[in-house]
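Student: quick check, what structure comes out for this input:
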Amino acid sequence: MADELEEVMQRTNADLSGLEETSEGDRLWFEARPKRNFRLREATAHERSVGTHSDHVLVCQVEPGTRARLPVIVSDMVDVDRAPEAMCAAIFEHITADSSEPGILWELRKRMRSKFWKLSKKVKH
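Tutor: Below you'll find the predicted structure:
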């Protein structure tokens, strides 16, 4: 029993370490690009190891320090390192289009739309 518990704790610590590295990478990316709300990137080895069957991840920055990651499948023809904001936003809208009932995706879509509305209102005035 003690051996099983030790094994679970080691896997959990490895998962947390991978998550922290991934999160820090996304934080630095958005910090260097303060006008971006979305990032399309390849899934990390850690993300693939915890059950994500997608090779790519769409990262949504809800606010500085708060990000959500959605696994996505994109064509090999898309240069994910150069994916423009509009393309990423369109992918986000497509993924969350069926989120009409309260839940995680519904809440994320609501927050991101609220953020866009505030940003567009600032630009108009």
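Student: this structure: strands as residue ranges?
Tutor: Counting by DSSP state E, the segments of the chain that form strands are 38-42, 56-63, 66-72.
Student: redo the ones you listed as CSV? Include mean pLDDT, distance to residue 32 and mean neighbour count.
Tutor: Every C-beta, even on glycine, is put in place using the N, C-alpha and C of the backbone. Output for the strands of the chain, formatted as CSV (pLDDT from 0 to 100; distance: least, CB to CB, whole Å; neighbours: other CB atoms under 10 Å):
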stretch, mean pLDDT, distance to residue 32, mean neighbour count
strand 38-42, 93, 11, 19
strand 56-63, 89, 12, 19
strand 66-72, 86, 14, 17
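Student: pipe those into a markdown table and attach distance to residue 96 per row.
Tutor: Putting the strands of the chain into a markdown table (distance: least, CB to CB, whole Å) gives the following:
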| stretch | distance to residue 96 |
| --- | --- |
| strand 38-42 | 12 |
| strand 56-63 | 9 |
| strand 66-72 | 8 |
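Student: those: which one's closest to residue 111?
Tutor: strand 56-63 (5.1 Å; CB to CB).
Student: angle of the closest one against strand 66-72?
Tutor: 160 degrees (axes from the mean of the first three to the mean of the last three CA atoms, to 10 degrees).
Student: pull up the pairing partners for strand 56-63, direction included.
Tutor: strand 38-42 (antiparallel), strand 66-72 (antiparallel) (DSSP bridges).
Student: could I get the ones you listed as JSON lines with distance to residue 30?
Tutor: Output for the strands paired with strand 56-63, formatted as JSON lines (distance: least, CB to CB, whole Å):
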{"stretch": "strand 38-42", "distance to residue 30": "7"}
{"stretch": "strand 66-72", "distance to residue 30": "7"}
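Student: tell me which of these sits nearest to residue 59.
Tutor: Among the strands paired with strand 56-63, strand 38-42 sits nearest to residue 59 (CB to CB), with 4.2 Å.
Student: how about residues contacting the closest one?
Tutor: With contacts defined as CB atoms under 8 Å, 6 or more residues apart in numbering, strand 38-42 is touched by 26, 29-30, 55-61, 72, 74, 78, 80-81, 83, 85, 87-89, 91-92.
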